[in-house]
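> just need the structure, nothing else, for what follows:
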Amino acid sequence: MDLPKLHEFHFIIGQSMKIRLEELDVFKKLHNISGIVVRILLLLVSVIKREHDWGEQRDSRYEYVSPDRGEDRVHTHAYLPEDLYRKLKLIHHDLNFFSMAQIVRFFIEVFFKLVDEYGEDILKELERMYKEWEKETKNSRLTLRQYVRQLMIVVQHLIPGKRIITVYDHRFMPFWRLRL
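Purely as a prediction, here's the structure:
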């Protein structure tokens, strides 16, 4: 049996975020920060994908670890599955975040807001939201003809010279590179 590849990800969070993570009632069996962070990110995979598709550019702006600049910082390690790490890396590149740590802190804050709003029913609410998004995606899916037409429009507007289009698979790994 092959064990999943894990990426050791080091980042910094504020002391208040660490305390809030430790006090989460949603994950009663998890007692370490790494497991809680990974569980949150895995629960939010659909939110991560949606942010990647529709999120705004961050212009590589630095954001403080905590709103309170005097708050203690805590070094944290999370052992992320390779697929999840690659998704975060693509968001870092495509949405121009200053750092991957900012992305992780951003999604933890999103989760906290959802917990504040839905409390114990957060898992049910996430499931409902994901079903709705899946239905929306299915209804707006492009046909093969529309994809080819879209690709032709993109190709026409690429600058001359070395032109490469990378197609990614469902695990956000380069699947096919088209050299035009």
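> mind listing the helices for this protein?
Remark: helices assigned in the chain by DSSP state H are 15-22, 33-43, 45-54, 82-94, 100-118, 122-139, 144-156.
> please compute how far the last one lies from its chain's middle.
The one in question is helix 144-156. The chain centroid and the centroid of helix 144-156 are separated by 27 Å, computed with CA atoms, centre = their mean, to the nearest Å.
> and for the longest one?
Distance of helix 100-118 from its chain centroid, counting by CA atoms, centre = their mean, is 11 Å.
> what packs against it?
Helices and strands touching helix 100-118, by 3 or more CB pairs under 8 Å, 6 or more residues apart in numbering; DSSP states H and E, are strand 6-14, helix 15-22, helix 33-43, helix 45-54, helix 82-94, helix 122-139. Yep, even glycine has a C-beta here, placed from its N, CA and C like the rest.
> out of those, which comes closest to residue 71?
Smallest distance to residue 71 across the helices and strands packed on helix 100-118 (CB to CB): 4.8 Å, for strand 6-14.
> ok, the closest one: who's next to it in the sheet?
If you go by DSSP bridges, strand 6-14 pairs up with strand 73-81 (antiparallel).
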